[in-house]
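Peer 1: fold the following and give me the result.
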Amino acid sequence: MNVILFDDPENRVNLLPFTFVRPVSALRVGIMTLAEKWEKALGTDVSYLTQDYLQEKFPLQAGSDNLYINASVCPNSELVDRIHKLKEGQCLMWKDELLAVRTMEHFRDPSEVSATKYVQKDIVITPVIIRYPWDIFINTRNQIIADFPVVTEGRKSAPIEDRFTVVYGEENIFVEEGASIRAAILNAEKGPIYIGKGAEIHEGSVIRGACSIGEGTKINMSAKVHEDCSFGPYCKVGGEVSNSVFQGYSNKGHDGFLGNSVLAEWCNLGADTNTSNLKNNYGEVKVWNYKTRNLIETGQMFCGLMMGDHSKAGINTMFNTGTVVGVSANIFGGGFPDKHIPSFAWGGIEDTVTADFDKMCEVATAVMGRRHVDFTEVDRQILKRVFEITALDRN
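Peer 2: Numbers count the residues shown, from 1 in each chain. Next comes the predicted model:
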């Protein structure tokens, strides 16, 4: 079968700002991205059916026997087994939600994928579905636990040889070759800790599982990493972080608190940036939603910062509970900025203007170049499209 991960149109909009520059399946939830999970689960490569302006970077490969899988869904053993049993012309459902369809048809837009023409099969175990930004950090723990045996199967952890590092629950820790750990405390008694190739755990840092530390990521001196965090490749982590996810290549290198939050790629939080994740009245947190263009209820008491790709905050920035920041925003100044900061906004509480697009691309080129990653013409065109479709947010 030819496996294609399609963006559920409603989920994709609700997952903005993270799906402005990537398909749903490129989101990291746990140790792996959703696409990586499906590749491991099915033992094959996948391709993407997503927004037209993203298809060049995330190509679609259609064949004669296509298995379209809802990209918002995390695989589990029952789901994978039922998908393997699908025949051509059948689809898999959970309640009214389409999970997968096997067909010879070629779809060119995610909205074309539906269950109406297919024989429906149902599952009874509730699947994990990533519908909203807060679902990413809510499911971090269960997905790290699910991913850990998959990424470590049949392999032996590199030893932790530093005599000043204290380890609890060593059987739940896996260290890739080339990682460096110095005078740290690793507590995996209540959840696994995965440490990627070339990662650096600096002196005095404390890490509690479940936690995933991606390839090349640095946990700075005296960092306090609470339970249920996942950091993608080549991040910098300092200060205090709790139940938060860095998709990759993002920095919070200094003191300050970040909790129940998600940072996309190429973000940077200046020194002493702090995020509120709990309202003073302990009430339910509301966040900006791009579909309704208004605040919506999350059902969560704890919810911090949702920051889109290439956005940055100056030193001493203070984010309100449930703040949503778009793509390529630059936030600075005193006080609390709005709970919704549009893409390509430049400023703080007052005098916010639209950033110069070409200058933002220059910054992106410089930032990515420091990680030896090219800012390509394709990347530029994606950001250009985001700049155009978010113009209404800046009015």
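
Peer 1: give me the secondary structure label for Lys121.
Peer 2: What DSSP: H, G, I helix; E, B strand; the rest coil gives for Lys121 is strand.

Peer 1: where do the helices sit along the protein?
Peer 2: Assigned by DSSP state H, the helices in the chain fall at 9-14, 34-42, 77-84, 133-138, 140-152, 357-369, 377-389.

Peer 1: list the buried residues of the fifth one.
Peer 2: By neighbour count, and taking 16 or more other C-beta atoms under 10 Å as the criterion, the buried residues in helix 140-152 are 140-148, 151. For every residue, glycine as well, the C-beta is placed using N, CA and C.

Peer 1: so which of those residues comes closest to Arg12?
Peer 2: Of all the buried residues of helix 140-152, Gln143 has the smallest distance to Arg12: 19.3 Å, by C-beta to C-beta.

Peer 1: so what's the closest one up against?
Peer 2: For Gln143, the contact set (C-beta atoms under 8 Å, 6 or more residues apart in numbering) comprises 29-31, 74, 128.

Peer 1: before we move on, what about Ile160?
Peer 2: Taking C-beta under 8 Å, 6+ apart as the test, what Ile160 contacts is 167, 170, 173, 175, 181, 186.

Peer 1: in strands, which of the residues you listed fall?
Peer 2: Judged by DSSP state E, strands contain the following of those: 167, 173, 175, 181, 186.

Peer 1: thought the second one was touching Pro192?
Peer 2: Yes. Ile173 is within contact range of Pro192, at 7.1 Å (criterion: C-beta atoms under 8 Å).

Peer 1: if we can go back for a sec, which pair in the contacts of Ile160 has the greatest spatial separation?
Peer 2: Within the contacts of Ile160 (distances taken as C-beta to C-beta), the two that end up farthest apart are Glu170 and Ile181, at 12.2 Å.

Peer 1: who has more neighbours out of the two?
Peer 2: Ile181 (24 against 13; other C-beta atoms under 10 Å).

Peer 1: gap between the more buried one and Thr116?
Peer 2: Shown here: Ile181 relative to Thr116, a distance of 54 Å by C-beta to C-beta, to the nearest Å.

Peer 1: also Phe6?
Peer 2: Taking C-beta to C-beta as the measure, Phe6 falls 15 Å from Thr116.

Peer 1: so for those two, which sits in the more crowded spot?
Peer 2: The residue with more neighbours, out of Phe6 and Thr116, is Phe6; 27 against 7, by other C-beta under 10 Å.

Peer 1: bridged to the more buried one, which residues?
Peer 2: Beta-bridge partners for Phe6, by DSSP bridges, are Leu49, Asn70.

Peer 1: ok, now Arg102?
Peer 2: So, taking DSSP bridges as the rule, Arg102 has Leu67, Gln90 as bridge partners.

Peer 1: tally of neighbours for it?
Peer 2: Under the criterion other C-beta under 10 Å, the count of neighbours that Arg102 has is 22.

Peer 1: my read: Asp162 touches Ala179, true?
Peer 2: No. Taking C-beta under 8 Å as the definition, Asp162 is not a contact partner of Ala179, at 10.9 Å.

Peer 1: quick one, which of those two is more surrounded?
Peer 2: Using other C-beta under 10 Å as the criterion, Asp162 and Ala179 rank with Ala179 on top: 21 against 15.

Peer 1: distance of that one from Thr140?
Peer 2: 21 Å.

Peer 1: next, the buried residues of stretch 290-297.
Peer 2: So stretch 290-297, judged by 16+ other C-beta under 10 Å, has buried residues Tyr290.

Peer 1: rewinding a little: joint contacts of Ile173 and Pro192?
Peer 2: Gly209.

Peer 1: returning to that earlier point: widest-spaced pair of the contacts of Gln143?
Peer 2: Checking these with C-beta to C-beta, the most distant pair is Ile31 and Val128, at 14.3 Å.

Peer 1: with neighbour numbers in mind, choose between these two.
Peer 2: The neighbour comparison of Ile31 against Val128 (other C-beta under 10 Å) goes to Ile31, with 28 against 18.

Peer 1: ok, now how distant is that one from Val285?
Peer 2: Distance, Ile31 to Val285, by C-beta to C-beta: 26 Å.

Peer 1: I'd guessed Asn30 sits against Gly214; true?
Peer 2: If you look again at residue 30, you'll see it is Gly, not Asn. No. Counting by C-beta under 8 Å, Gly30 does not reach Gly214; the two are 11.4 Å apart.
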